[in-house]
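Undergrad: Just to be clear, the model below is a prediction. Sequence and coordinates:
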Amino acid sequence: MEWLNIIDFLKTVWAAMNSPIGITVAAGIVAWLLERVFLALPAWKAYEGTIIGAIKYAEKEIPDDTENKSLARLDAAIKYVLEVYQACGERPPSPRLLSDLRETISVKHAELEAAGNLAKKGPTKRQQTRKAKGKTR
């Protein structure tokens, strides 16, 4: 007797799923799931420009002769990004976001360095000449 009830229930569900409304609901659920799983951007993605700016800031602020300069630059870059993050009114970052930020800063630093965007440029010849002659602006 119970099997007949289950079979009748499954027939009813199958008929509902094959109706236009059932197909629309099923497609909506699938689209929602795909969006949540595949199209979600990482939390740091919104701060990618800030991360690049923080890396360049840290490169300029921390001298090359500093002990553990890589660690000091990473620390300065993370502090800069967190200041911007908190200034935007976001809640305190989770440990996972902090880990993602550290990894992203390291990866972006390597990309910028490979592209030659972090090369420290010295003074131009004109600036060197003016400095040697004692002229300043």
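TA: It's in. Numbers count the residues shown, from 1 in each chain.
Undergrad: Pop out the phi and psi values for A40.
TA: Main-chain dihedrals, A40, degrees, to the nearest 10: phi -70, psi 130.
Undergrad: ok, now how distant is it from L33?
TA: According to Cβ to Cβ, to the nearest Å, A40 and L33 sit 11 Å apart. Placement of C-beta: from N, CA and C, glycine included.
Undergrad: just L39 next, same as before
TA: For L39, the distance to L33 - Cβ to Cβ - is 11 Å.
Undergrad: which one of the two has more residues nearby?
TA: Per other Cβ atoms under 10 Å, whichever of L39 and L33 has more neighbours is L33, with 10 against 7.
Undergrad: what about the more buried one, which helix or strand?
TA: For L33, the host element (DSSP states H and E) is helix 20-38.
Undergrad: That helix - contacts with which helices or strands?
TA: helix 2-17 (3 or more Cβ pairs under 8 Å, 6 or more residues apart in numbering; DSSP states H and E).
Undergrad: elements contacting the helix it packs on?
TA: Using 3+ Cβ pairs under 8 Å, 6+ apart as the contact test, the elements touching helix 2-17 are helix 20-38.
Undergrad: avg pLDDT for the helix it packs on?
TA: The average pLDDT within helix 20-38 is 88.
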